Structure formats: C-alpha cells, structure tokens
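K.L.:
pasting a predicted model and its sequence here:
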Amino acid sequence: MPDTKTLLQQLSLEQKCALLSGAATFQTRGLPQFGIPAIWLSDGPHGLRKQAGPADHLGQNPSEPATCFPTASAVASSWNEALGEEIGRALGEEAAAQQVAVVLGPGLNTKRSPLCGRNFEYFSEDPYLSGKMAAAYIRGIQANGVAACPKHFAANNQELRRMATDSILDERTLRELYLTNFEIAVTEGKPQTIMTSYNMVNGVYANENAHLLKEILRDDWGFDGAVITDWGGSNDHALGVKNGSTLEMPAPGLDSVRELVKAVQDGRISEVDINARLEELLALVESTTAALENAPRTIDWDAHHALARKAAAESMVLLKNSGGILPLDPAAKVAVIGDFAKTPRYQGAGSSLVNAPRVDSFAEVFERSGLHSAGYAQGFDRGGKPDPALQAEAVTLAGQADVVLLFLGLDEVKESEGLDRADMKLAQNQIDLLLAVHRANPHVVVVLSCGSAVETPWASHCQGLVWAGLSGQAGAGAVLDVLTGKVNPGGKLAETWPLHCEDNPSYKNFGKDGRNVEYREGLYVGYRYYQTAEVPVAYPFGYGLSYTNFAYSDLHLTPRSVTLTLANTGAFDGDEVVEVYIAKPDAKVFRPAQELKGFARVHLKAGETCTVTIPLDDKAYRYWNETADAWATEGGSYTVRVGASSADIRLEGTVTVPPAGGADPYAGLALPHYHSGQVQDVPDAEFAALLGRPIPNPKISIDRNMTLGEIGHGRSPLGWLIHVIHKHLLDKSLQNGTPDLNLLFNYNMPLRAIAKMTGGMVSMGMVDGLVMELKGFWIIGIVRVIVELIRNMTRNAAMEKRLQAGGKENRA
Ligand code: BGC
C-alpha cells in the first residue's frame with residue numbers, strides 16, 4: 001500500500017470520506033486504483049463468525065465454521081489472564097486463516113444488572129477483573145497481527161431500546177465502574193480498534209461523544225487506533241468524525257459520504273478531521289493486510305478444541321459439594337438426566353453466534369468415559385412445557401442409580417442479544433423435576449448451563465452444584481473432567497448470585513419506559529452494593545469451591561504489593577484464585593465497603609506451599625473527584641483484605657497512603673443513600689444532587705431517533721398501523737418462545753438507523769420524510785420520501801462512478 005502521506009494528497013475529498021464508512025455488512029471500502037484494499041471485520045467475542053455469503057449482524061445467516069470457545073462470562077470465572085490470552089491467540093489465528101482483519105471482541109461491559117440479555121458475552125460486574133481479562137484477550141488476538149475491537153464503549157448495559165437509550169450517570173460512577181474496564185483494556189491490551197456503543201451517555205451518542213472519545217479515550221488513555229461504530233450505531237457521522245470516530249459500519253451507503261463532504265464544505269468539520277480519521281483507518285488497513293498476507297490458511301481444529309475444553313474446565317465453578325459427593329466415586333452407578341446433557345446449551349444468541357465444527361454432548365462423552373451408567377433420561381421439555389411422562393421416566397431412572405447428574409439451565413431464547421431477561425428463574429418444569437428426582441434419590445448433582453446468574457431457591461434439593469456457564473463446543477468434556485476430578489475446579493464467580501432478582505441495586509431502574517436509563521445506584525453495583533448495604537446473597541462475588549483446601553498465611557504489605565504464603569493442605573492438586581480487596585473503613589468520601597484491586601490464580605500440588613505476590617497498581621486507592629475533574633486519593637490508612645472470595649477474607653492488614661488530589665467533592669451535599677450504600681430507592685433530588693444537574697426529561701419526541709417500537713406515539717395512521725402489525729408479530733414470536741431477533745432489532749431501532757442499515761437504499765432525507773409523516777404531515781411526508789428516493793438513486797449512481805475514478809481531478 002502506498003504511504004499515507006501520498007494517499008492523502010492523491011485522494012479527492014469525496015474518496016476520503018467514502019473510506020470512512022463500510023461498503024458491505026462486514027467489509028470496509030477499498031479503492032483498488034490507489035492500492036487501498038478492503039478489509040474484513042467479523043464477530044466476535046468467543047469464536048469467529050465470518051459470513052462469506054449473505055451477512056447480517058444478528059447471527060441469523062450461516063457463517064464459516066469456527067471454534068466456539070466458552071463465552072466471556074465463563075472464562076472470566078477462571079480469573080486467569082494467561083488463559084484469556086491463549087483463547088485470544090486462537091481467535092486471532094482463526095481470523096488470520098480466514099483472512100479477517102478485525103475481530104469484533106472482546107465484549108467487556110460491566111454487568112450492571114443480571115437481567116441484561118448480553119451478560120453472557122461480558123466478563124464481570126467488576127471493572128478491574130473485566131479490564132484485565134479483556135486486555136489479555138486483546139494481546140492474544142493481536143499477537144497474530146489482526147486487530148481486536150473491544151466493545152461496547154460505553155455505559156451500554158441493557159438491550160431494551162439499546163440504540164436509543166440515554167445512560168444517565170454521574171461522572172464518578174462512569175469513570176470508576178463503566179470506564180475503568182475499558183481503561184485497563186486500552187492501556188494494557190493496546191487494541192488497534194474499539195467499538196462505540198449504541199446508546200447515548202449523558203445526552204450525547206457514544207459514537208459522537210467528545211468527552212468519551214476525545215478527552216478520555218484518545219487524550220487520557222493515549223488510544224491512537226480506529227474507533228468503529230456498532231452496526232447501525234452512527235447518529236451524526238460528521239460529528240462522530242470530528243470527535244474521534246473513524247469508521248461507520250455496516251454499509252450506510254453514499255448518502256453518508258455526502259453528509260461528510262457537506263459538513264466539510266459547510267465548515268461544520270474540517271478536512272483536517274477527515275485526514276486524522278483516515279490516517280487511523282489506513283494504518284489499520286495497512287498493518288492487518290500485511291499480517292494476513294503471510295498468515296497460515298489452516299486451522300488446527302483439534303488443538304483449538306482441546307483449548308476450548310481446557311478453558312471450560314478451568315472456568316467452571318463448584319458452588320456446592322455437600323458430603324463430598326464430588327468428585328464422583330468411580331464405582332457409583334450414575335444416572336444422567338436433563339435435555340442439556342444430550343443437546344448442550346453452549347453459547348448465546350445474536351451476533352456472537354458461532355458455527356462450531358463439532359459440539360460434544362455430555363451424554364456421549366459420558367458413555368465413552370468408562371463410568372458406570374444407569375442410563376439417560378430427557379427429564380423435561382426445553383421450552384418449559386410441563387411434561388409428566390418425561391418427568392416420570394427420569395424419576396424412575398433416578399431411583400435406580402447411586403448418583404444423579406441433573407443437567408439444568410436456561411434455554412436458547414433466555415439469553416440473547418436484543419432481549420433482556422424478565423427474571424432470573426429457571427423454568428418451573430426444571431425445578432419440579434429436580435424436586436421429584438430428589439425425592440427418589442437425594443444424591444443429586446446439578447450441572448447448570450447458563451451464561452448469567454440465576455436464582456437458586458432450589459439448591460437445598462441437590463448435594464452438588466456446578467455452574468458450567470456457556471462452556472463452548474468442548475464444554476461437555478470439561479464437565480466430565482470436573483465431575484470426575486480429572487480437573488479440580490478452580491473457577492470463582494465473576495458475578496454475584498443474589499437470593500432474589502429484586503435484591504439487585506439497579507432493579508427499579510432497569511428496562512423501564514422512556515429514553516432514560518438512570519444509574520441511580522451509582523457506584524454500588526454487584527458486590528459493591530450487597531456488601532455495603534449488607535444484603536445477603538446466594539453466592540458471593542469471587543466464590544467457588546475446590547476438592548482441596550488452601551491455607552493463607554504470612555501477609556506482608558506495602559502500598560504497592562501484597563505478599564503471602566499459600567499452602568495446598570488437602571489431598572488434591574488444584575488451583576486457587578487469591579483475591580485482594582481494598583477497604584477504607586474511615587473514608588470521608590463515600591465508597592463501597594471493599595473493592596477488588598488485584599488477584600492471582602495459582603496452581604499447587606497437594607501439600608505444596610508457595611509465596612504469592614500480587615502488585616497493587618495505580619487503580620488501588622484512587623477515586624474520581626468530580627470537583628477536581630481528576631483522579632484523587634484520600635490519604636490515610638487502608639485495609640488490604642486477602643481472601644478466597646469477597647466474603648471469605650483470610651488475611652488482612654493496613655497500609656498508609658498519602659493524599660493526592662482535591663478536597664471532598666461531596667462536601668455540603670445531602671447524599672444519605674450514597675453514604676449508607678442503601679441505593680435501591682434514591683429519591684430524584686438526591687440523584688440530581690449526585691449528577692450535579694437536573695435529571696433529564698425522559699420524554700420521547702418525534703424525530704430521527706424515535707424507535708420503530710415507538711412510532712405508535714406519532715400522529716400518522718400509517719405509523720399506527722405499522723406499529724400494531726409489528727407489535728403483534730413480535731408478541732406472537734415472544735409468546736411462541738422463539739423471539740424473532742430481526743423484529744426485536746427493528747422494534748428497538750431508531751428511524752435514522754433505517755438509513756444506516758440499508759446499504760444506501762434509504763437516505764437521511766427519506767428518513768426526514770418519514771419523520772414528517774409521523775408528525776402528521778401525511779401527504780408532504782410521503783411526497784418527500786418519494787422525491788428523496790429518486791434523488792438518492794441518481795446521486796448514488798453518479799458518485800459511485802467518481803469514486804472508482806482517479807484522484808483529485810474528481811474533487812466533489
Ligand atoms: C452488536 C455488535 C456486533 C455487531 C456486528 C451488533 O448488533 O451489538 O456487538 O459486533 O452487531 O455483528
């Protein structure tokens with residue numbers, strides 16, 4: 001490829017602008033006459049989804065075979081950065097072999113609510129753990145010369161109306177909970193690209209948010225790569241380019257090019273902005289193209305399958321093991337029950353859907369294991385319908401075995417992009433089955449397949465409980481390894497499992513009507529809330545059992561490191577995750593009871609002892625001081641707590657740290673709920689005081705950003721009709737238990753995205769015609785749509801010719 005300086009001189013303004021948006025669903029625009037190739041981008045976070053044929057961003061059309069690794073929520077439970085890097089390397093290898101330049105992952109949004117439909121794609125409720133795991137994936141992916149694209153930046157924590165919500169949160173919460181993960185990923189992983197999120201953050205779309213993209217991402221963190229929009233997530237492309245967004249995806253069509261050219265001609269943005277973005281894009285195209293040229297085109301499927309199995313086994317969390325029912329007694333006669341044992345639930349739905357070349361099922365690996373089998377029974381209907389015959393058959397089988405392995409979980413439609421969960425329950429027919437099986441045989445081990453936390457009021461009816469997560473194509477073998485003790489489970493929860501969904505601090509402000517998503521709980525997300533407000537939970541953050549025991553002793557602290565002695569005092573070799581939390585019981589500036597600031601996964605043979613040292617970095621004591629608009633440290637003594645989980649602290653000591661930064665930013669403000677951590681019912685006035693401004697009006701207006709699901713609020717009979725039909729079809733698909741992702745996506749999609757997602761067929765002028773129609777100007781609205789349609793077609797054809805031509809002589 002010619003050097004960028006030369007290209008910037010040769011290209012016309014129109015050609016430059018054209019390069020800043022995609023040409024196809026997963027490809028950038030190339031201009032071969034200048035030696036600029038198009039590059040491929042593909043999902044995603046736990047396996048590649050290259051769609052060589054018809055492409056879509058919801059995982060509906062087929063994609064090339066690729067290894068399906070466990071999803072991020074599982075791998076986060078390994079607390080093993082080296083493993084994350086290894087998975088990343090394998091993802092990068094598969095991308096390179098398939099000539100994909102950019103891997104659209106990892107996903108690292110902080111889990112604000114257990115109900116977010118995409119939690120399976122994200123790592124943790126803790127930004128430190130998420131950031132560290134994401135950085136590891138990024139390093140691995142990029143070791144192959146392809147680019148990683150961490151997503152979705154930022155404060156994107158629910159699926160409902162995901163393209164049109166406004167995340168309202170105070171700057172401290174934004175920085176500490178929703179950006180620290182990205183900060184670690186960017187500064188330690190050094191991704192070549194990053195994907196902006198669909199939503200607004202404090203009133204401005206993430207993709208055109210100068211605060212996020214310029215001040216924080218580029219200036220504070222030094223990111224100099226390409227910022228990529230989420231698919232259809234660009235609102236005002238020119239403003240995006242001005243504020244640091246490089247590439248608009250998927251294929252918004254040439255209208256978007258005209259929008260940019262016009263913005264330069266009108267002086268809204270300057271050609272310097274265009275050039276800056278183009279330099280970022282060309283650097284990406286050049287480096288990835290060079291790497292792909294030399295990349296091996298073959299994939300070692302067996303090696304990647306083995307890695308997927310190792311990753312799944314390392315990530316599984318043993319939640320309960322009464323009477324040491326696990327590992328299984330090799331002489332025991334074992335009944336395998338549950339549909340998930342035969343047809344595994346191993347990944348989630350949506351854009352992360354991988355076409356795995358092979359998928360192991362537990363029933364099969366079990367039959368080959370040499371263990372003593374009492375047989376298999378399906379036990380329940382996956383869709384949730386009560387089925388007494390299936391249940392009776394399973395109960396009979398349970399009665400004939402020494403131990404029952406019961407495979408329960410969430411079905412395919414419960415965890416999906418585009419759709420939040422309504423509750424955290426397992427289907428009632430599965431719970432009924434457990435109770436019935438338990439009556440027939442109390443020796444029940446439940447293996448749970450789901451990508452996020454569920455309520456477990458039924459846990460007293462099983463002796464063993466293993467959370468397998470969504471464990472990828474080789475998960476079944478990994479379950480076998482853990483159940484038999486071939487692998488000693490060492491995973492720890494990266495997300496709190498509350499007793500009740502309603503206990504969650506964001507519960508009353510999640511998935512509500514209107515534009516606003518109000519982060520009223522502030523800093524108190526996950527364990528930060530449960531522990532500060534002293535709300536009991538089912539399984540705490542960082543919790544997980546082992547077949548062995550670990551003893552912690554000999555703590556030595558400095559403000560920058562924690563050193564201790566760890567001994568494996570049990571009979572099994574095994575891994576322990578050592579977790580470091582920092583607390584400041586005498587804090588003047590309110591803060592959660594404790595926060596994770598370091599961790600290490602350590603392997604010890606039975607009887608072995610070692611010294612563990614965990615560094616404490618610049619994130620250990622800091623808080624965001626809004627008044628100073630900077631990170632600050634409250635001086636004084638801090639408690640350093642070292643434990644096997646957030647609720648099982650084994651050692652603690654204090655360190656003294658000097659103050660840094662400004663005075664108490666909250667002096668004089670009445671913030672009682674934030675001081676106590678009791679944040680479930682923060683009144684308007686207190687939330688406004690925390691924000692430092694009035695809570696924005698959540699009202700929806702009739703404009704380009706009204707969603708298709710909202711057009712019933714317009715003043716057009718045509719809009720009402722479309723709304724009724726759309727809603728009817730969607731409700732029907734939801735009732736049938738097979739939500740149509742397209743309908744869902746469209747329902748939550750703003751009108752302007754019609755122009756951004758139709759490959760140039762629809763222009764923004766046509767969208768404006770639609771808006772007029774919805775405002776009640778029925779005739780003018782329709783006429784405008786038609787006129788704009790003709791205009792768009794003619795102008796597109798002419799521009800396409802100019803783009804294919806030479807350089808500056810075609811200046812627009
Ligand atoms: C998702 C992204 C994904 C993109 C491309 C969007 O709907 O939000 O995570 O990378 O589609 O498939």
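P.N.:
Structure received. Numbers count the residues shown, from 1 in each chain.
K.L.:
flag every residue of this protein that's near the ligand.
P.N.:
Within the chain, the positions adjacent to the ligand are 43-44, 57, 104, 151, 230-231, 351 by Cβ under 6 Å from any ligand atom. Using the backbone N, CA and C atoms, a C-beta is placed for each residue, glycine as well.
K.L.:
any chance of a markdown table for the residues you listed, columns pLDDT and secondary structure?
P.N.:
As requested, the residues of the chain next to the ligand are exported to a markdown table (pLDDT from 0 to 100; DSSP: H, G, I helix; E, B strand; the rest coil):
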| residue | pLDDT | secondary structure |
| --- | --- | --- |
| Asp43 | 96 | strand |
| Gly44 | 87 | coil |
| His57 | 78 | coil |
| Leu104 | 98 | coil |
| Lys151 | 98 | strand |
| Asp230 | 97 | coil |
| Trp231 | 96 | coil |
| Ser351 | 93 | coil |
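K.L.:
OK, contacts around the residue in the stretch 51-200 of the chain positioned nearest to the ligand?
P.N.:
Among all residues of the stretch 51-200 of the chain, His57 sits closest to the ligand, at 3.4 Å; criterion: Cβ to the nearest ligand atom. When contacts are counted by Cβ atoms under 8 Å, 6 or more residues apart in numbering, His57 touches 25, 231-232, 250, 351.
K.L.:
kindly recompute the last result at 7 Å.
P.N.:
Shown here is His57, whose contacts under the criterion Cβ atoms under 7 Å, 6 or more residues apart in numbering are 25, 231, 250, 351.
K.L.:
ok, now Ala606?
P.N.:
With contact taken as Cβ under 7 Å, 6+ apart, Ala606 is in contact with 548, 568, 570-573.
K.L.:
for these, which single residue is the most surrounded?
P.N.:
Using other Cβ atoms under 10 Å as the contact criterion, the top neighbour count among these goes to Asn568, which has 25 neighbours.
K.L.:
specify the beta-bridge partners of that one.
P.N.:
With DSSP bridges applied, the residues forming beta bridges to Asn568 are Phe550.
K.L.:
tell me if I'm right that it and Leu604 touch.
P.N.:
Yes - assessed by Cβ atoms under 7 Å, Asn568 is found in contact with Leu604 at 3.8 Å.
K.L.:
mutual contacts of the two, please.
P.N.:
Common neighbours of Asn568 and Leu604 are listed as Gly574 (criterion: Cβ under 7 Å, 6+ apart).
K.L.:
leaving out sequence neighbours, find the closest residue to the closest residue to the ligand within the stretch 251-400 of the chain.
P.N.:
Closest approach between the stretch 251-400 of the chain and the ligand, counting by Cβ to the nearest ligand atom: Ser351, at 3.5 Å. Counting by Cβ to Cβ, 6 or more residues apart in numbering, the nearest residue to Ser351 once its immediate chain neighbours are dropped is Asp43, at 4.9 Å.
K.L.:
Ala660 now?
P.N.:
Using Cβ to Cβ, 6+ apart and skipping residues adjacent in sequence, the residue nearest Ala660 is Thr633, 4.3 Å away.
K.L.:
where does the one you found land on pLDDT?
P.N.:
On pLDDT, Thr633 comes in at 97.
K.L.:
quick one: buried ones out of the residues of the chain next to the ligand?
P.N.:
For the residues of the chain next to the ligand, a burial check counting by 16 or more other Cβ atoms under 10 Å picks out 43-44, 57, 104, 151, 230-231, 351.
K.L.:
so Val264 touches Glu14, yeah?
P.N.:
No - counting by Cβ under 7 Å, Val264 stays clear of Glu14, with 10.0 Å between them.
K.L.:
about what we covered before: out of the residues of the chain next to the ligand, which one sits closest to Ala620?
P.N.:
For Ala620, the closest of the residues of the chain next to the ligand turns out to be Lys151, at 26.9 Å, with distances computed as Cβ to Cβ.
K.L.:
contacts only, for the closest one.
P.N.:
With Cβ under 7 Å, 6+ apart as the criterion, the residues that contact Lys151 are 104-105, 107, 195, 230.
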